[in-house]
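Peer 1: here's my sequence, what's the structure:
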Amino acid sequence: MAFVEEAARDLILRLKPKTHFSFKFQSLIQDEVIRREKEVQNYPLIICDRSVIDAIVYCRALGLEKGAKKLHRKVLDWLPTYTKFFLLDIADIPLEKDNVRTDRIKFREKAHILFLEFLEKEKLPYKLIKGTKDERLKKILEEIRID
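Peer 2: Below you'll find the model as predicted:
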């Protein structure tokens, strides 16, 4: 099994961009996600903290529709490599801001809705995970059958 760490956080901390809420930076994040996932593609089970759709959804949430379409086209062949997405419900866990995660609640809510819309529209297999952190972990482990 392989675990792919969140690329966005690493890039923000390393590159310290003026803003990570731009098409250019979201495209860079998406490229890094693909690079990391390709590195472990021969493992029988790969768990990714984030995915290539994050950059698409964030661009849409920012009103960067042209950029979102470009990012979507760029990964059309990559999307089928995912077996299942776990979308964590934002309702049960409060947003913890830090020097990287500076999103506002309204943006977080909008992005969550757009994630659901994207997964449905693209007919991607997903499960919405709710509950406490322990309950979420238990549900995910049951889904992927890891004890």
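
Peer 1: now the residue nearest the centre of the chain, what's its secondary structure?
Peer 2: Nearest to the mean C-alpha position of the chain, counting by C-alpha atoms, centre = their mean, stands Arg50 at 3.4 Å. Using DSSP: H, G, I helix; E, B strand; the rest coil, the structure places Arg50 in coil.

Peer 1: okay, it and Arg145: tell me how far apart.
Peer 2: 22 Å (C-beta to C-beta, to the nearest Å). For the C-beta atoms, the positions are set from N, CA and C on the backbone; glycine is no exception.

Peer 1: please, where are all the helices along this structure?
Peer 2: 7-15, 23-39, 53-61, 65-74, 105-121, 133-144 (DSSP state H).

Peer 1: which one of the ones you listed lies nearest to Lys127?
Peer 2: Closest to Lys127 of the helices of the chain is helix 133-144 (C-beta to C-beta; 6.4 Å).

Peer 1: which other helices and strands does the closest one contact?
Peer 2: Packing partners of helix 133-144 (3 or more C-beta pairs under 8 Å, 6 or more residues apart in numbering; DSSP states H and E): strand 85-88, strand 126-129.

Peer 1: adding distance to Leu137 as columns, could you present those in JSON lines?
Peer 2: Below are the helices and strands packed on helix 133-144 laid out as JSON lines (distance: least, C-beta to C-beta, whole Å):
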{"stretch": "strand 85-88", "distance to Leu137": "10"}
{"stretch": "strand 126-129", "distance to Leu137": "9"}
